[in-house]
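Colleague: Structure of the sequence below:
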Amino acid sequence: MKAEAKNEDDEYAVKKAGQVLQVIFYLIYSLLHDEDGCLNRPKACNADAHAARRRFSGQ
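Modeller: Presented below is the predicted three-dimensional model:
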């Protein structure tokens, strides 16, 4: 019985750790990318994406 309980506790801990890692990776991704999906560093990518959005919206 104790071995089964320990195994279930380990599985729960692994699932929780996976969820925490997903949240951490999502936060890092969202910090590095803007709303257009471009990395914040290259200015050309941002400028092209914003220009394409202006053309697409008819402005």
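Colleague: tell me which element Ile24 is part of?
Modeller: According to DSSP states H and E, Ile24 maps onto helix 2-32.
Colleague: for that helix, packing partners?
Modeller: If you count contacts as 3 or more CB pairs under 8 Å, 6 or more residues apart in numbering; DSSP states H and E, helix 2-32 packs onto no helix or strand. Every C-beta, even on glycine, is put in place using the N, C-alpha and C of the backbone.
Colleague: Pull out the buried positions in it.
Modeller: Counting neighbours by 16 or more other CB atoms under 10 Å, one finds that helix 2-32 has no buried residues.
Colleague: what about it, average pLDDT?
Modeller: Computed over helix 2-32, the mean pLDDT rounds to 84.
Colleague: Relative to Lys15, how far out is Leu21?
Modeller: Separation of Leu21 from Lys15 (CB to CB, to the nearest Å) stands at 11 Å.
Colleague: Asn7 too?
Modeller: On the measure of CB to CB, Asn7 and Lys15 end up 13 Å apart.
Colleague: now Ser30
Modeller: 23 Å.
Colleague: Gln22 too?
Modeller: When Gln22 is compared with Lys15 (using CB to CB), they lie 11 Å apart.
Colleague: which neighbours do these two share?
Modeller: Between them, Gln22 and Lys15 share no contacting residue under CB atoms under 8 Å, 6 or more residues apart in numbering.
Colleague: Identify the residues contacting Gly18.
Modeller: Shown in contact with Gly18 (CB under 8 Å, 6+ apart): no residues.
Colleague: oh, I was asking about Val14
Modeller: Val14 touches nothing, counting by CB under 8 Å, 6+ apart.
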